[in-house]
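Chemist: Sequence first, predicted model second:
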4 protein chains.
Amino acid sequence: METVPAYTATKPQLLARLKRIEGQTRGVQKMVEDDRYCIDVLTQISAIQAALDKVALGLLDEHVKHCVVEGHGPGTTDELTDEMMSAIGRLITR
Amino acid sequence: METVPAYTATKPQLLARLKRIEGQTRGVQKMVEDDRYCIDVLTQISAIQAALDKVALGLLDEHVKHCVVEGHGPGTTDELTDEMMSAIGRLITR
Amino acid sequence: METVPAYTATKPQLLARLKRIEGQTRGVQKMVEDDRYCIDVLTQISAIQAALDKVALGLLDEHVKHCVVEGHGPGTTDELTDEMMSAIGRLITR
Amino acid sequence: METVPAYTATKPQLLARLKRIEGQTRGVQKMVEDDRYCIDVLTQISAIQAALDKVALGLLDEHVKHCVVEGHGPGTTDELTDEMMSAIGRLITR
């Protein structure tokens, strides 16, 4: 039975990054409320996207190392790999 | 002098979408706190990215129509177009 | 009646870049024929994607300047903008 | 010593797809030579990008299954995973 996720060791850093991303989304709302110039709003949205990319790549890395390679994930290696490839596909093509 | 941004007419909807995205980022933090499976966390991150893409495309659309075409932006048409192309470049290549 | 496309002035450079991209796709085939390491093949594919991004951004830039802003495109400004936004959406979300 | 790449079993299909992509890049050159409308050229470029994404995801899938999981790659599992994550990062952020 598997209850510990692959990101356990880095959970505090992961939560800190997600908290910062939440703050960035509030920042964009503030910009819109203040009628800031559209291009500046777009720049901030790109910054959030880049921060989410980094979080996603970090999670994927831990998933490969802990679940796929070490076999700690919920399923056979083939199932875990297929699942991971779908996740990568969604990140690449959205 | 131009003080009204291109998204003025749709500002309430834009703020509602950004509020929803903020909620999604809180949802991802909750998933991590609850030790949810990494692939499920990644799926939610992709959903946030897709929602941000939609907001960005909406803003770009209004920018083209109001600032670039109608000439209401802060600069010459060439400056506005260059600025917009940089924003599109950042969205595509991040 | 409009028959000259927005990229007329830069057509030779555009064709040269596309020719180079065609060469890159042949290079990837050669790598696969030679049983080269998968990660090296992937690196080359990313290089082609980046080259295609640059061509696409160049075309968009000329489209905005010549068709949308100067009104030389086949349609009203609103139609041209909608069409362009769809193209940008396809580039961002593929 | 490892000389067989992860894609050996699907090499003919992989080459066929790359050949088709090469043909698509020639098709785009023909469109530009024929002065076709910029948005139509962009649509074709997006189609090539999507085709390259599919090839890349297929290669990654085989890489994970044959190199990372089965340990047939040139390096330790950690090195293979790091290398793969860099490749995924390049595909996502280009």
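Modeler: Sure thing, it's come through.
Chemist: what's the nearest residue to the residue nearest to the spatial centre of chain A if we skip its chain neighbours?
Modeler: Compute the mean C-alpha point of chain A, and by CA atoms, centre = their mean the closest residue is A:Ala56, 2.9 Å away. Closest residue to A:Ala56 apart from its sequence neighbours, by CB to CB, 6 or more residues apart in numbering or on different chains: B:Ile45 at 5.0 Å. C-betas here are computed from N, CA, C, even on glycine.
Chemist: State the distance from that neighbour to A:Leu14.
Modeler: From B:Ile45 across to A:Leu14, the span is 11 Å (CB to CB, to the nearest Å).
Chemist: secondary structure class for the residue nearest to A:Ala56?
Modeler: helix (DSSP: H, G, I helix; E, B strand; the rest coil).
Chemist: for A:Pro74, same thing?
Modeler: coil.
Chemist: That one and B:Ile39 touch, don't they?
Modeler: No - applying CB atoms under 8 Å, one finds A:Pro74 not in contact with B:Ile39, separated by 9.3 Å.
Chemist: still on that earlier bit, is it true that the residue nearest to A:Ala56 touches A:Val55?
Modeler: Yes - at 6.4 Å, B:Ile45 counts as touching A:Val55 under the criterion of CB under 8 Å.
Chemist: Contacts for stretch A:8-25, please.
Modeler: A:7, A:44, A:47-48, A:51-52, A:54-55, A:58-59, A:62, B:18, B:21-22, B:25-26, B:28-29, B:32-33, B:35 (CB atoms under 8 Å, 6 or more residues apart in numbering or on different chains).
Chemist: for stretch A:31-42, that is, sorry about that
Modeler: A:28, A:44, B:3-8, B:11, B:14-15, B:18, B:56, B:59-60, B:62-63, B:67, B:74, B:83-84, B:87, B:90-91.
Chemist: Generate a PyMOL selection restricted to the buried subset of these.
Modeler: Filtering these down to the buried ones (16 or more other CB atoms under 10 Å in any protein chain shown) takes a single PyMOL command:
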select buried, (chain A and resi 28+44) or (chain B and resi 5+6+7+14+18+56+59+60+62+63+67+83+84+87+90+91)
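Chemist: what's the angle from the helix or strand where A:Leu80 lies to helix C:77-93?
Modeler: Using DSSP states H and E, the element containing A:Leu80 is helix A:77-93. Helix A:77-93 and helix C:77-93 are oriented at 150 degrees to each other (axes from the mean of the first three to the mean of the last three CA atoms, to 10 degrees).
Chemist: So what's the gap between helix A:77-93 and the chain middle?
Modeler: Centroid separation for helix A:77-93 versus its chain: 14 Å, with CA atoms, centre = their mean, to the nearest Å.
Chemist: again, but for stretch A:42-57
Modeler: That offset, for stretch A:42-57, works out to 9 Å (CA atoms, centre = their mean).
Chemist: and what of stretch A:61-81?
Modeler: 17 Å.
Chemist: Return the helix or strand in chain A with minimum mean pLDDT.
Modeler: When the helices and strands of chain A are scored by mean pLDDT, DSSP states H and E, helix A:77-93 comes last with a mean of 88.
Chemist: Report all helices and strands that it contacts.
Modeler: In terms of contacts (3 or more CB pairs under 8 Å, 6 or more residues apart in numbering or on different chains; DSSP states H and E), helix A:77-93 is packed against helix A:38-62, helix B:38-62, helix D:38-62, helix D:77-93.
Chemist: what angle separates it from helix A:38-62?
Modeler: Using the same axes, to 10 degrees: helix A:77-93 against helix A:38-62 is 170 degrees.
Chemist: buried residues in helix A:77-93?
Modeler: Buried residues in helix A:77-93, counted by 16+ other CB under 10 Å: A:Thr77, A:Leu80, A:Thr81, A:Glu83, A:Met84, A:Met85, A:Ala87, A:Ile88, A:Gly89, A:Arg90, A:Leu91, A:Ile92.
Chemist: from the residues you listed, which single one is nearest chain C?
Modeler: Lowest distance from chain C to those (CB to the nearest CB) belongs to A:Ile92, with 7.7 Å.
Chemist: Provide a list of residues in contact with that closest one.
Modeler: With CB under 8 Å, 6+ apart, A:Ile92 has these contacts: C:Arg94, D:Asp53, D:Ala56, D:Leu57, D:Leu91, D:Ile92.
Chemist: The residue of chain A most remote from its centre: what secondary structure?
Modeler: Relative to the C-alpha centroid of chain A, counting by CA atoms, centre = their mean, A:Asp35 is the outermost residue, at 29.3 Å. At A:Asp35 the chain is in coil, as set by three-state DSSP.
Chemist: How confident was the prediction at it?
Modeler: What the model reports for A:Asp35 is a pLDDT of 95.
Chemist: Repeat that for A:Gly73.
Modeler: Looking at A:Gly73, its pLDDT is 75.
Chemist: For it, which non-adjacent residue is closest in space?
Modeler: Spatial nearest neighbour of A:Gly73, chain neighbours left out: A:Cys67 (3.1 Å); criterion: CB to CB, 6+ apart.
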